[in-house]
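Asks: Build me a model:
(2 chains)
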Amino acid sequence: MARVLIVDDAAYFRMKLRQMLESFGHEVVGEATDGRKAVAMYSQVQPDFVTMDISMPEANGIEGVKGIIEKDPNAKIIMVSAMGQKNHVLDAMKSGAKHFVLKPFQKEVLNKVISQVLSEK
Amino acid sequence: MGGCMKNRRKVLGVFIVIILLIFSYGMIYGYLYAHRVNISDGINLPKEAFVDMAFPQYDINNRALKSLEEKNRYYDIEFTRDKFEGQLSSHVNDKPDWYLMIEKPDAQFMEVKLNGQLLATYGEETGRANLWNGTFFIRFNEEMIQENNQLILTLKSDYMAGVAGQIMVLPYKDYRILEMINEFTQSLIGSSIVIAIFAGVILLMMIIAWKDQLYYIQAYVFFLVSILALSISLLDFLEISYLPIPYLHFKKLIITSYHVAISFAGLGIAYLLNAKYKWNIGIVGLVIILSQVLFTNDMITFRESYSKINLLLIVATVQLIIMLFYYRKRASIGASVLLIGFTLTGVTVAKLVLITSAIIESSMLVDLPILIIIYVTIVLFLFYLEMIQIVADYDVAVVDDRYDMGITNHMQGSFSIDKNLYVVGAYATACDHIFNRHIVGASVLDLFVEDNTERAFIKETLEMFFDPTYSFKEGFIALLPETLNRDERVYQINYSVVERAETLMRITLSDVTRSVELEKNLNDERKVFEFIINALKSRNEVGYFIERTRIFLKRLEAYGFTPYHQSELHTLKGTLGQFGFFDFEQAVHQVEVSLIDESSTPSRLVQELNDGFEASLNQLTAYVGLDFFDEGYGQLNVSKEEINKLEVAYQRLFTHPEERNAFKQQLRELKYVDFKEMFKRYHDYIIRMGHDTEKNILPFETTGEDIKVNPEKAENLLRVLVAIFRNAVVHGIEIPEERMDAGKDSFGTISCHIEKLGEAVIIEITDDGCGVDIDFVTGKAVQYGIISTETLKEMSPVEQLNLIFESGMSQLEDIDILAGRGIGLYSVKELAESLGGSIAVKTEIGMGTTFELNIPLISLRDL
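Replies: The predicted structure follows:
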């Protein structure tokens, strides 16, 4: 269905997310482990949407969002963040991400967000 | 309550229908007027000759008049019969009657004379009323028409504008049409006044009925004042003023009413919307007009000033629409559409008032603000009704009812907030109870949040929630607080999106104080359960580590916290933590922290560790006891299947919390044993004692059902039963010789049978010995002074037999090692009764004795 770029520093979480996304029928076209790599990979793979963790070493998710939005103002980014980083979620939204889910999340919630992201042109 | 809500919608519906009827009424007549009214047969009379009676040379136009003479003027109109162009006595007129129409004479008094003959008078000479809005039709017979005619129209007015409309002579058919339009106009204005008063009454009733629920009660009072002022201002449109005051005062009242109507409507709506700036330009107009009212004493000056000040009303109206647009974008679109519609109606009405006149253009400027007031107020009132039902729902009210009626003390209530984070619309009164205040108009931040950093975050989250840029509203909801603590109660907060005239957020509070407590207990309990199951699963390791920790803690006491011991402690923390020794784990954690800042003495720290360890062990003992973890305690073997079963039951607790008492019981039953098994100790005992007393006794087995009991609880009972077994051996079973003499087997039989009878356990211990000699028992009882001979005589045989249970009885004269230690059967009876049971004895000389204990099962288990 859609092509996804996963950005998260935790390998385990990337794996879980990949499994979930694939179970929805999406194709994971790339995985990045920090914000900077995400920006580089975004132009490379041109995904339909990005899932972006917030706290990552090197360049965090907010930098990632800013970088991607700079390149593609219409980029669709879903922030994926732990409950403890509530404050950063809003910063990320202000930087240009339009959606977010909080970890730990249920499959249905993720699916709902994704359908919403994809329905927006 | 739900019905009430529907009624409010019905009121709104009826209101809209009425407005639409008036609108279409106006449109239809506007159409008829434009297309059907053909007054070509009427004769238009010239108005030039308008003569001042006292000073004919004066200019007549809009001059302030001082003396009474000045206020009298007359039209002197001459016309000839030729004007009728043969219409007289012709087919044009069905009747010989003609009608003189005088449209909107600006006067308080009017007198009409044709050819010296008085046709009619209107108003009063002393003049308090104005005839301004009247169109008058005066019938006369065509025979009155001569070759040369003179019409004298005398007017008395405070300022002279003359007849605003036309002066015409009409045939009957034209008269019918115009008269009809005139009547319609008047009825339209009349019904507008009725609607305004009707709306005022509804508002008043709302204020009275909901005075406790209206946080900004000012808003509703402002609306009330506004709508009443509106109904007063409408009097200006009536044919004849009904107010008994001079014209200047009347006009002052009317103009002030316009300004009050619009500026108060503006205030009301500003309060209702919680607008940041509540003032409007209408108030400025009102202040200016009031100063004019106070300081102006002539009509002309007043009229000139108010026609300019009225422009402020238009500005104020625009301001209201902008405010509405800012605070209620979607509602304002609806309101603007209605406003345009009603303004069009207003223009129609204005046309109708001047039924034939060509001066619509000039009067429009003056009258337009008035019309706008009428319709803006109505629109705002509609909007207000919309506000009432904007968020109120059936479910909001039901719980309130139940709460008020005392059916439930589970407080639950909803309210809604708008994008400015204020509480709007109807809400559950339970919310007032929860917050201890009226919450309408309050900022949700003030209601919820005390912490300032939290406040900023919630504010930002809510603002983004209302921001149309972000479509996934549920995401923001996840960031908002889930519970609210207030007055020592805990409320669960649920948020939902309400799409009405605006996007609103509905917030529902439910009192979950009780369930939170339960949940917490349940969670603590679950932790303990998990701990026990884990510990049971790895019984040997846990047993080993318990022992090892005990030794370690002693060594710690002796050697103190050396680096080696610290590292050992840390390892133990990890290992025992893995098994679920949470209290110990936490104690170690605390101690490790204290070791860094050296805030406590080592002995104190060791004490803390011991306490934590004991606390953890206590959790184990509370349910299963430590014996499980002692190696070699054979009786307490827990099978894998049992632990598996426990685990399944434990998992079920997450979805079936009501099963937790059953689960606890299941845990406790782990250490339960078969009651029969406990009697095994007596099997060997009997043989041994038989041997010591030189009696032959067959080995016996305890028979009967499997009954699981808590061994700790059953232990005491089992211990005292020794008296019965001992008695059976020592006093019951005879020596082999005696038995053979009596024709019995040389081996005596002692049996023990257990069975469940309802909620009790029956323990039956029988011997086939010599039975109890009652005479011997009674003799001893008298001898030991337990009873007197007199009492003995009154006793039944059963009562006499029961003396064996009396304290101090012993059947054997020699106190030996086996019996007679003074604790005999008496202690059995006492214990049985203390457990809520009983004991009975049956005996037959030479045949044997049976003791039957009846013990409530529950006393051998856990409650």
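
Asks: Let me know how buried the closest residue to residue B:167 other than its chain neighbours is, in neighbour terms.
Replies: Among residues not flanking residue B:167 along the chain, residue B:45 sits closest, at 4.5 Å (Cβ to Cβ, 6 or more residues apart in numbering or on different chains). C-betas here are computed from N, CA, C, even on glycine. Residue B:45: 21 surrounding residues under other Cβ atoms under 10 Å in any protein chain shown.

Asks: Contact partners for residue B:45?
Replies: Residues in contact with residue B:45 (Cβ atoms under 8 Å, 6 or more residues apart in numbering or on different chains) are B:77, B:79, B:151, B:166-169.

Asks: any idea which of these is closest to chain A?
Replies: Set against chain A, the nearest of these by Cβ to the nearest Cβ is residue B:166 (63.5 Å).

Asks: I'd like the distance between the closest one and residue B:237.
Replies: Distance, residue B:166 to residue B:237, by Cβ to Cβ, to the nearest Å: 19 Å.

Asks: what's the answer for residue B:102, then?
Replies: 18 Å.

Asks: And those two? Which one has more around it.
Replies: Neighbour count, other Cβ under 10 Å: between residue B:102 and residue B:237, residue B:102 has more, with 27 against 23.

Asks: that's a strand at that one, yeah?
Replies: Yes: counting by DSSP: H, G, I helix; E, B strand; the rest coil, residue B:102 is located in a strand.

Asks: Report pLDDT for residue B:358.
Replies: Predicted confidence (pLDDT) for residue B:358: 38.

Asks: for residue B:88, same thing?
Replies: Reported pLDDT at residue B:88 in the predicted model: 67.

Asks: after the helix or strand hosting residue B:618, next one along is what?
Replies: Assigned by DSSP states H and E, residue B:618 belongs to helix B:602-623. Under the assignment DSSP H and E, the closest C-terminal helix or strand after helix B:602-623 is helix B:640-655.

Asks: Identify the residues contacting residue B:119.
Replies: With Cβ under 8 Å, 6+ apart, residue B:119 has these contacts: B:100, B:112-113, B:138, B:140.

Asks: Give me the buried positions along stretch B:538-555.
Replies: For stretch B:538-555, the neighbour count (16 or more other Cβ atoms under 10 Å in any protein chain shown) marks B:539, B:542-543, B:545-546, B:549, B:552-553 as buried.

Asks: for stretch A:31-42, same thing?
Replies: Using 16+ other Cβ under 10 Å as the test for burial, stretch A:31-42 gives A:31-39, A:41-42.

Asks: same deal with stretch B:472-486?
Replies: For stretch B:472-486, burial by neighbour count (16+ other Cβ under 10 Å) applies to B:472-473, B:475-480, B:484.

Asks: how about the residues of the stretch 451-600 of chain B near chain A?
Replies: Residues of the stretch 451-600 of chain B that fall close to chain A, judged by Cβ under 8 Å from any Cβ of the partner chain: B:457, B:460-461, B:464, B:469-472, B:474-475, B:478-479.

Asks: mind listing the strands for chain A?
Replies: Using DSSP state E, the strands of chain A run over A:3-7, A:27-32, A:49-53, A:77-82, A:99-103.

Asks: Compare the mean pLDDT across the ones you listed and name the weakest.
Replies: strand A:99-103 (a mean of 80).

Asks: near chain B, anything from it?
Replies: Yes: contact of strand A:99-103 with chain B (Cβ under 8 Å from any Cβ) involves A:99-102.

Asks: which residues touch that strand?
Replies: A:13, A:76-83, A:86, A:89, A:92-93, A:109-110, A:113, A:116-117, B:470-472, B:475, B:478-479.

Asks: By neighbours, which of the contacts of residue B:45 wins?
Replies: Ranked by the number of neighbours (other Cβ under 10 Å), the contacts of residue B:45 place residue B:169 first, at 26 neighbours.

Asks: if I look at the closest residue to it other than its chain neighbours, how far off is chain A?
Replies: Excluding its sequence neighbours, the residue lying closest to residue B:169 (Cβ to Cβ, 6+ apart) is residue B:43, at 4.4 Å. Separation of residue B:43 from chain A (Cβ to the nearest Cβ, to the nearest Å): 71 Å.

Asks: first vs last residue of stretch B:432-451, how far apart are they?
Replies: 22 Å (Cα to Cα, to the nearest Å).

Asks: That stretch: how far from the chain's middle?
Replies: Relative to the chain's own centre, stretch B:432-451 is displaced by 13 Å; criterion: Cα atoms, centre = their mean, to the nearest Å.

Asks: avg pLDDT for it?
Replies: 81.

Asks: Can you give me the buried ones in that stretch?
Replies: For stretch B:432-451, a neighbour-count test (16+ other Cβ under 10 Å) marks B:432-435, B:438-445, B:447-449 as buried.

Asks: helix or strand right after the strand or helix carrying residue B:476?
Replies: Per DSSP H and E, residue B:476 falls inside helix B:473-479. Toward the C-terminus, helix B:473-479 is succeeded by strand B:483-486 as the next helix or strand (DSSP H and E).

Asks: Export the helix or strand following that following strand to CSV, keeping only CA atoms.
Replies: Scanning forward in sequence from strand B:483-486 by DSSP H and E, the next helix or strand is strand B:489-499. C-alpha atoms of strand B:489-499 as CSV (Å, rounded to 0.1, in the frame of the first residue of the first chain):
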residue,chain,number,x,y,z
ARG,B,489,-11.6,12.3,45.2
VAL,B,490,-10.3,10.9,42.0
TYR,B,491,-12.0,11.6,38.7
GLN,B,492,-11.3,9.9,35.5
ILE,B,493,-11.3,12.4,32.6
ASN,B,494,-12.5,11.4,29.2
TYR,B,495,-12.2,13.7,26.2
SER,B,496,-14.1,13.6,23.0
VAL,B,497,-14.5,15.7,19.9
VAL,B,498,-17.9,17.3,19.4
GLU,B,499,-18.7,18.7,15.9
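
Asks: can you tell me the average pLDDT over strand B:489-499?
Replies: 85.

Asks: buried sites along that strand?
Replies: B:490-493, B:495, B:498.

Asks: what angle separates the following helix or strand past it from strand B:489-499?
Replies: Remark: after strand B:489-499, the chain's next helix or strand is strand B:503-511, criterion DSSP H and E. Between strand B:503-511 and strand B:489-499, the angle comes out at 160 degrees (axes from the mean of the first three to the mean of the last three Cα atoms, to 10 degrees).

Asks: ok so, going back, let me have the residues of the stretch 451-600 of chain B next to chain A in JSON lines, extended by pLDDT.
Replies: Formatted as JSON lines, those follow (pLDDT from 0 to 100):
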{"residue": "B:457", "pLDDT": "84"}
{"residue": "B:460", "pLDDT": "87"}
{"residue": "B:461", "pLDDT": "88"}
{"residue": "B:464", "pLDDT": "87"}
{"residue": "B:469", "pLDDT": "79"}
{"residue": "B:470", "pLDDT": "81"}
{"residue": "B:471", "pLDDT": "76"}
{"residue": "B:472", "pLDDT": "75"}
{"residue": "B:474", "pLDDT": "77"}
{"residue": "B:475", "pLDDT": "78"}
{"residue": "B:478", "pLDDT": "79"}
{"residue": "B:479", "pLDDT": "82"}
